[in-house]
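>>> Got a predicted model here, sequence first, then my questions.
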Amino acid sequence: MNREELSLLVEAIAFAAHKHKDQRRKDEAASPYINHPLALADVLVNEGGVTDLNSIVAAVLHDTIEDTETTPEEIDARFGATVCAIVEEVTDDKTLGRQACKQAQIDKAHRLSRPARAVKLADKICNLRDVADNPPTDWTLARRQAYFDWAKRVIDGLRGEYPELEAVFDAVYRQRPA
Ligand code: ZN
C-alpha cells in the first residue's frame, strides 16, 4: 500500500470514529459503535483476503450514511465516487419500515456490485457473531434465530464472488443459537 492509499484508509477510520462517536452497540456492554465497522475491515482483510482498498474503505464507512448525519456528498468529496457508490449500495432505505427494509435486502442482494457484496458479507458475518456471542439484551432466542435465518437469505442471494468470505459466513451460520 502506498502513502496515498494508507492515508485514505486512516482518514476513513478517523472519519467513521468521529461520526459514530456518540453511538453504542446494543450488546450488554454497550460497546463503542466504531468497533463494528473496524471488525468488518478486519474480516475483509484478515479472513477474506480482500485487498481492494475501495472495498475496505467502504466497509469502514458502511454505516455512516445509514446511522449518522453523514451525506453521500460528504463521502463522495472525501473518499471518491467509487467508495460513495459502494456505501450507498449497502445503505438501507430508512423510509421503509423495518420489515420492508429486511425484505429489500433480500430482494436487492443479487443486484449488488462485487465490492458491495464483500461489504455485505463482512457485515453479516460480524452481526451474526454479535448475535451469537453478545446479543442485544432484550432479544429472545426466537429473534436471534430469525436474525440468523434472514441473514442467510440475504447472503444466499449474492454468492459466487467471494468463496473465502462465504465459507466464513457458513461457519458462523453454524453457530445459530439453539
Ligand atoms: Zn453494519
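Happy to help now that I have it.

>>> quick one: the host helix or strand of residue 145 near the ion?
Here residue 145 sits within helix 141-156, counting by DSSP states H and E. No - counting by CB under 5 Å from the ion, the ion is not contacted by helix 141-156; separation bottoms out at 11.5 Å. C-beta: built from backbone N, CA, C; applies to glycine.

>>> Buried residues, that helix. List them.
Counting neighbours by 16 or more other CB atoms under 10 Å, one finds that the buried residues in helix 141-156 are 144, 147, 148, 151, 152, 154, 155.

>>> Let me see the contact set for the second one.
With contacts taken as CB atoms under 8 Å, 6 or more residues apart in numbering, residue 147 has the following neighbours: 127, 128, 131, 139.

>>> what's the answer for the last one, then?
For residue 155, the contact set (CB under 8 Å, 6+ apart) comprises 109, 120, 121, 124, 166, 169.

>>> just to revisit the earlier point, after the helix holding residue 145, which helix or strand is next?
From helix 141-156, the next helix or strand downstream (DSSP H and E) is helix 163-173.

>>> average pLDDT for that following helix?
If you average the pLDDT over helix 163-173, you get 98.

>>> List of residues touching that helix?
43-44, 47-50, 118, 121-122, 124-125, 128-129, 132, 148, 151-152, 155, 159.

>>> Would you write a PyMOL line that selects the buried entries of those?
Buried residues within the contacts of helix 163-173, by 16+ other CB under 10 Å, are selected in PyMOL with:
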select buried, resi 43+44+48+50+118+121+122+124+125+128+132+148+151+152+155+159
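
>>> does the ion sit close to the top helix by length along the chain?
Longest helix in the chain by number of residues, with DSSP state H as the criterion: helix 114-133. Yes - applying CB under 5 Å from the ion, one finds helix 114-133 in contact with the ion at residue 123.

>>> same question for that helix, mean pLDDT?
98.

>>> What helices and strands are in contact with it?
On a contact count with 3 or more CB pairs under 8 Å, 6 or more residues apart in numbering; DSSP states H and E, helix 114-133 meets helix 35-42, helix 53-61, helix 81-89, helix 141-156, helix 163-173.
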